[in-house]
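S.K.: Fold the following, please.
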Amino acid sequence: MATDILALTEKLDRLDRIPLADLPTPVRRLDRVSAELGKSVWIKRDDFTGAEMSGNKVRKLEYTLAKALKEGADTVITAGGIQSNHARATAAAAARLGLRSHLVLEISAVPPLEGNYLLDRMFGAEITLLHEDEDVSLSDKMAEIAGQLREAGHRPYIIPVGASDGVGNLGYLNAFREILAQEKTLGVRFDAVACAVGSGGTLSGLYLGNRLFGAGKRIVGITVCDDRDYFKTVCGSIVNRTLELLAEEPDENPDFTFIDGYKGRGYALSSPEELRFIAKIAAMEGIVLDPVYTGKAFYGLWQEIGRGTLDGADNILFIHTGGQYGLFPKQTQMAEVL
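M.R.: Numbering: from 1, shown residues only. Here you go, the predicted model:
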């Protein structure tokens with residue numbers, strides 16, 4: 001995929017974007033982790049994008065909400081689990097921009113008012129709780145709500161789960177450009193960049209940045225739900241929708257690198273081993289991972305480095321995608337492992 005780098009940069013700079021995140025986010029070396037693993041492991045703190053809108057979702061929302069506003073939306077609708085970081089970030093961003101927000105949150109039981117769900121309510125989001133046993137998908141429920149809002153005279157805009165589509169993907173294409181600039185400042189070249197894969201948008205953006213900028217890095221996605229076969233299709237679709245937006249040639253055979261085996265008990269479900277690992281990293285480095293994405297993914301990265309999966313990569317960058325608010329509902333489980 002041959003790309004004119006200057007032309008690509010100019011295209012990115014011309015795209016509609018609302019600055020919501022505190023950028024650039026810092027990168028630092030994890031000295032004690034590196035010493036134990038025998039690799040130079042670094043972390044990019046995308047949990048520092050902001051307090052209310054913390055995490056990777058804000059980068060995506062910068063482009064997604066710009067599109068919503070350009071289309072005249074007065075309400076944004078999105079969905080996720082009850083502790084969805086994306087839903088919380090969307091509600092916060094909507095409040096900041098003077099938009100209404102409506103969240104469809106999947107539950108298995110009546111949820112306590114804590115963590116991200118508490119913040120959703122504080123940000124004034126209208127919330128529809130959808131029990132996992134109901135015979136309707138999140139996307140269908142969002143479409144139903146959008147129809148009702150249109151009938152009431154509103155102008156809704158549906159944001160897919162995780163804002164992981166062609167537009168949202170621009171957020172991590174731009175983040176990859178940020179990483180390249182930070183390499184020059186730090187005087188280091190990252191051989192591999194790793195992240196959690198939950199809806200596919202973060203990995204897709206990093207992968208696309210690596211291809212378009214010709215960086216030659218290993219982009220590694222550690223799945224925290226579903227598996228590589230599912231995400232190969234999802235991420236391929238996201239990548240090509242973004243390429244279409246950029247008027248670039250399609251990627252006929254995206255070569256993603258996925259690592260399966262670390263979703264544990266399931267999406268947003270934690271094992272004692274995972275929670276002990278989160279506590280271990282907090283004590284080693286003063287960094288708090290989250291139980292849904294980064295805890296599982298960094299645990300997977302740790303294991304795979306030990307197994308030799310990343311041999312040949314001397315400097316490894318892990319993307320901390322945020323989500324720490326999701327740790328607070330785990331306090332009972334955490335008490336059992338601390």
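
S.K.: right, and Leu173 touches Leu212 too?
M.R.: Yes: Leu173 is within contact range of Leu212, at 7.3 Å (criterion: Cβ atoms under 8 Å). C-beta coordinates here come from the backbone N, C-alpha and C atoms, glycine included.

S.K.: ok, and what's touching the one helix or strand Leu275 maps to?
M.R.: Element membership of Leu275 [criterion: DSSP states H and E] is helix 272-285. Applying Cβ atoms under 8 Å, 6 or more residues apart in numbering, the set of residues contacting helix 272-285 from outside is 30-33, 264, 287-291, 295-296, 298-299, 302, 327, 330, 333-334, 336-338.

S.K.: Apply 10 Å and report the result again.
M.R.: Taking Cβ atoms under 10 Å, 6 or more residues apart in numbering as the criterion, the residues outside helix 272-285 that touch it are 28-33, 35-36, 41, 43, 262, 264-265, 270-271, 287-291, 294-296, 298-300, 302-303, 324, 327, 330, 333-338.

S.K.: returning to that earlier point: so for Leu173 and Leu212, which residues contact both of them?
M.R.: Residues touching both Leu173 and Leu212 (Cβ under 10 Å, 6+ apart) are Leu8, Leu12, Thr242, Leu246.

S.K.: Tell me how far the third one lies from Glu304.
M.R.: When distances are taken as Cβ to Cβ, to the nearest Å, Thr242 and Glu304 turn out to be 27 Å apart.

S.K.: quick one, which of the two is more surrounded?
M.R.: Set Thr242 next to Glu304 and count neighbours by other Cβ atoms under 10 Å: Thr242 wins out with 25 against 17.

S.K.: Touching, that one and Asn174? I think so.
M.R.: No: checked against Cβ atoms under 10 Å, the pair Thr242 and Asn174 is beyond contact range at 11.1 Å.

S.K.: what touches both of those two?
M.R.: When Cβ under 10 Å, 6+ apart defines a contact, the residues bordering Thr242 and Asn174 alike are Tyr63, Gly205.

S.K.: what angle sits between the one helix or strand Gln303 maps to and helix 272-285?
M.R.: Using DSSP H and E, Gln303 sits within helix 294-307. In terms of direction (axes from the mean of the first three to the mean of the last three Cα atoms, to 10 degrees), helix 294-307 departs from helix 272-285 by 80 degrees.

S.K.: Now do the buried residues in helix 294-307.
M.R.: Using 16 or more other Cβ atoms under 10 Å as the burial criterion, the residues of helix 294-307 that qualify are Thr294, Gly295, Lys296, Ala297, Phe298, Tyr299, Gly300, Leu301, Trp302, Glu304, Ile305.

S.K.: And the fourth one, how close does it get to Pro291?
M.R.: For Ala297, the distance to Pro291 (Cβ to Cβ) stands at 11 Å.
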